[in-house]
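Novice: Okay, sequence plus prediction incoming.
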Amino acid sequence: MNKRLVLSLALSIFALTGEAQAQTSVPPGYPAAYAELIEAANKEGALSIYSTADAAEVSELLTQFRALYPKLKVEYADQNSTELYSRYVAEAAAGATADLIWSSAMDLQIKLVNDGYAMTYASPEKSALPDWAKWKDQAYGTTAEPIVFAYNKRLVPEADVPRSHADFARLLAAQPDALKGKVTSYDPERSGVGFLYVTQDVQISPSTTWDTVKAMGKASAKFYTSTGAMIERVVSGEHTLAYNMIGSYVLQRNRKDPNLSFVLPKDYTQVMSRIAFVSAKAKNPASAKLFLDFILSKAGQVELARHAMTSVRDDLQETHGIKSLPGATEVTLKPIRVGPELLTYLDQITRLRFLKQWQRALAAN
């Protein structure tokens, strides 16, 4: 037989064998029956994901997943948390929507789970997660990201950098004129994550939080719905200090521009998580389960950590989790628990009452 033909046949057989292995091999430590899930996913042949994470930030994660399961056509749609929630509910009512929902708006995710939109699935990776990051085998926290203070290192003197929530309130109260228009944060009236973080602050330290809100009012603080918008304005110097920022975005920018610096507040640092669940309305539930398991696996968590979405896994905390960040061992970490407690402020009356208190505090000059 022609040597070139033999080589071509050998390469074809090797490629087919490699493809078959990629499509059917069970991850180490998983039950043998997992092969049936992989087979079911391959028959589905597709996966639709709705997420708040920018597609550019998870492109390599998706590439790795596609390499493991090349028969799956993956569609990924990123959108802000409010858009994602509204779109999913509307589509679910019509009977056709995404297979996996992955969002940083923890309270809205838990509302969806509580309202029956999540499929029950016991991930083989769940034993590696802390108790606070999982609920009812339906909602899984996939990251553990700090909520930080961000500041422009060129424009904020080191002596003025607030190291705690009380420091932040005192700085603004002491320098309202110098900091007028220079402070920024999320707008809790228009930002789901902004509302979540400040209501969590109130539960942890009510007096300090309301002192901070009053001080932000006196300093004519500016409020936004976009993390990116705040980061750009702090980097440019339009604002110099930001309160309650999602740490992963700040850390990413800090790697490129060290003038954007950050603080993990030493009194307590909130820890948020991007919650994922398999949709009860999923057309491709097996494929969604494979993706959920992958993002919770060591490989998936390491890849997310490369983009500053620090790992939630107990066994990666020292190398890829919050504990690997500068100063993390000196602060009190306060994870936001994945569970029904997050529903408290979503009650419409409670929400409106809180926002009125927020507005009064801002106006109390």
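Specialist: Thanks, I have it.
Novice: Just the helices from this protein, written as ranges.
Specialist: 3-24, 34-44, 59-68, 81-94, 106-114, 165-174, 192-204, 206-218, 227-236, 247-256, 285-296, 298-306, 317-320, 348-363 (DSSP state H).
Novice: Compare the mean pLDDT across those and name the weakest.
Specialist: Here the helices of the chain differ in mean pLDDT, and the lowest is helix 3-24 at a mean of 41.
Novice: Export the helices of the chain to a markdown table and append columns for mean neighbour count and distance to residue 262.
Specialist: The C-beta positions use only the backbone N, C-alpha and C, and glycine is treated the same way. Shown next, in a markdown table, are the helices of the chain (neighbours: other CB atoms under 10 Å; distance: least, CB to CB, whole Å):
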| stretch | mean neighbour count | distance to residue 262 |
| --- | --- | --- |
| helix 3-24 | 11 | 39 |
| helix 34-44 | 17 | 39 |
| helix 59-68 | 15 | 24 |
| helix 81-94 | 16 | 22 |
| helix 106-114 | 24 | 21 |
| helix 165-174 | 19 | 13 |
| helix 192-204 | 21 | 15 |
| helix 206-218 | 19 | 17 |
| helix 227-236 | 18 | 10 |
| helix 247-256 | 20 | 5 |
| helix 285-296 | 24 | 25 |
| helix 298-306 | 19 | 16 |
| helix 317-320 | 15 | 18 |
| helix 348-363 | 13 | 24 |
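Novice: And the ones you listed: which comes nearest residue 145?
Specialist: Comparing these by their distance to residue 145 (CB to CB), the top pick is helix 247-256, with 4.7 Å.
Novice: Okay, angle between the closest one and helix 227-236 too, please.
Specialist: 40 degrees (axes from the mean of the first three to the mean of the last three CA atoms, to 10 degrees).
Novice: what's the burial count for the closest residue to residue 255 other than its chain neighbours?
Specialist: Nearest residue to residue 255, sequence neighbours excluded (CB to CB, 6 or more residues apart in numbering): residue 308, at 7.6 Å. A count of nearby residues for residue 308, using other CB atoms under 10 Å, gives 21.
Novice: Likewise for residue 160?
Specialist: Neighbours of residue 160 (other CB under 10 Å): 16.
Novice: my guess is it contacts residue 170, does it?
Specialist: No. Counting by CB atoms under 8 Å, residue 160 sits too far from residue 170 to count as a contact (10.4 Å).
Novice: Am I right that the residue nearest to residue 255 is in contact with residue 253?
Specialist: No. When contacts are counted by CB under 8 Å, residue 308 is not listed as touching residue 253 (9.1 Å).
Novice: so how far is residue 55 from residue 308?
Specialist: Residue 308 sits at a distance of 16 Å from residue 55 (criterion: CB to CB, to the nearest Å).
Novice: Now do the same contact list for residue 92.
Specialist: 117, 279, 281 (CB atoms under 8 Å, 6 or more residues apart in numbering).
Novice: okay if I get the residues you listed as CSV plus pLDDT and neighbour count?
Specialist: Listed next are the contacts of residue 92 as CSV, based on pLDDT from 0 to 100; neighbours: other CB atoms under 10 Å:
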residue, pLDDT, neighbour count
117, 97, 20
279, 98, 23
281, 94, 20
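Novice: Identify, from those residues, the entry nearest to residue 318.
Specialist: For the contacts of residue 92, the nearest to residue 318 is residue 279 (34.0 Å; CB to CB).
Novice: residues touching the closest one, list them.
Specialist: 88, 92, 97, 98, 99, 100, 101, 117, 118, 119, 285, 288.
Novice: distance of the first one from residue 328?
Specialist: In this view, residue 88 and residue 328 are 34 Å apart by CB to CB.
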